[in-house]
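>>> Here is a sequence with its predicted model. Questions after.
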Amino acid sequence: MVDAQDPSTTPAARGFRLPAATVPHERVLLSWPTMGRREFWRNHLGAARDAFAIVARAMAAFEPVTIVADEGEGRAAEGWVGDGIDVIELPIDDSWIRDNGPLVLTNDGGDRLAIGFGFNGWGGRLNPHDKDAALPLAVASHFGLEFLAAPFILEGASIATDGEGTIVTTESCLLNPNRNGGLGKPELEALLHDWLGAHTVIWLPRGLADDVGTDGHIDNLLAFVEPGKVLLQGTTDASDPDWHTATESRRILGDAGLEVIDLDVLPHVECFEQTVEVPYLNFYLGNGAVFVPLAGAAADREMVDLIGSCFPGRVPVGVPGNVLAYGGGGIHCVTQPIPAAVN
């Protein structure tokens, strides 16, 4: 266990940092929607499992996929996803492994280090969450990864990194008292430095307006293309609060010296009994492909092609995003990559 009071024992002091989304992966993890959360999906658990299975099968064509199913639900997951996808059983409460799974750091020597952050159900919104809080250690143990527990709460979807020490996040989430008791920017920046190797933290004011369940995760708003360049989710509707968020964020990012590519289409579509927002920015960069959520909107193809053009050498693949958005997330939210070991 790391002594949180001794900076010489932290991951950063050992040369570890959170890699960029573009690095090669050993595999990608997805958590299977559980029977314990069937009420959360409001009688649409089957549709949620269909959506997860479609995403898993699409990704399996490009990199190994491992499904993490709750105890006793592995056989159902195997039947749903089909052959060629590994299924393991570990205790879980929910299906958003980007937030409750481990973040795997790397160093210049090719070593890997799994970090588990405190998880409290998105500020206490969803309970119970004790299984999810224990998931990082369980995953690290299963795959034989060295593991350290960080002394603060952090969800993986609340940060974006360029892999070289710059992290972008939102004040509305990380500074929320429901996460770390009201820690301020200096304290959190020090923790992000020590535990993720961040030397620069860029604070945007908030996430998308509909993203109330997470207090505004960054992965609905921004993604790095490469160091110094980001994609920003916006809209052309000046009456939409997300237009104002994008405008303010663009200014802050520009002041920080980042080049900004705008995605100015943000679909709102009907899914079951409600209107959902499907941000195209909630995509996943796999080995040789970029997986972009589709909304069934006229701009789907254009947005998939635009995002694909930002990542030459990767095949742009559209996968259904409406049901995931109904559950409160997207393609990025349901995935957690394990970077490949480099010899």
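Structure's in. What do you need? Numbering: from 1, shown residues only.
>>> tell me the contacts of residue 334?
Counting by C-beta atoms under 8 Å, 6 or more residues apart in numbering, residue 334 touches 30-31, 52, 55, 95-98, 324. Bear in mind the C-beta positions are built from the backbone N, C-alpha and C, glycine included.
>>> typo on my end, it should be residue 196
11-12, 17-18, 103, 105, 115, 159, 161, 167.
>>> For the stretch 201-343 of the chain, which segments count as helices?
241-255, 300-309, 322-327 (DSSP state H, counting those that start in this stretch).
>>> Quick check: of the contacts of residue 196, which lies closest to residue 219?
residue 159 (8.5 Å; C-beta to C-beta).
>>> so where's the stretch 1-150 of the chain uncertain?
Residue ranges of the stretch 1-150 of the chain with pLDDT under 70: 1-8.
>>> what about the strands in it?
With DSSP state E, counting those that start in this stretch, the ranges of strands along the stretch 1-150 of the chain come out as 25-31, 65-69, 86-89, 103-106, 112-118, 147-153.
>>> who does the last one touch, helix- and strand-wise?
Which is strand 147-153. Under the contact criterion of 3 or more C-beta pairs under 8 Å, 6 or more residues apart in numbering; DSSP states H and E, strand 147-153 touches strand 112-118, helix 130-143, helix 177-180, helix 185-196.
>>> do the same with the fourth one
Contacts of strand 103-106 with other secondary structure elements, assessed using 3+ C-beta pairs under 8 Å, 6+ apart, are made with strand 112-118, strand 336-339.
>>> same question, the first one
Secondary structure elements in contact with strand 25-31, counted by 3+ C-beta pairs under 8 Å, 6+ apart, are helix 45-60, strand 65-69, helix 97-100, strand 284-286, strand 336-339.
>>> Try it again at 6 Å.
For strand 25-31, the contact count by 3 or more C-beta pairs under 6 Å, 6 or more residues apart in numbering; DSSP states H and E identifies strand 65-69, strand 336-339 as packing neighbours.
>>> out of those strands, nearest to residue 180?
strand 336-339 (21.4 Å).
>>> Pull the number of nearby residues for the nearest residue to residue 234 once chain neighbours are set aside.
Counting by C-beta to C-beta, 6 or more residues apart in numbering, residue 246 is the residue found nearest to residue 234 once chain neighbours are left out, at 3.4 Å. Neighbourhood size, residue 246 [other C-beta atoms under 10 Å]: 24.
>>> No more questions from me, cheers.
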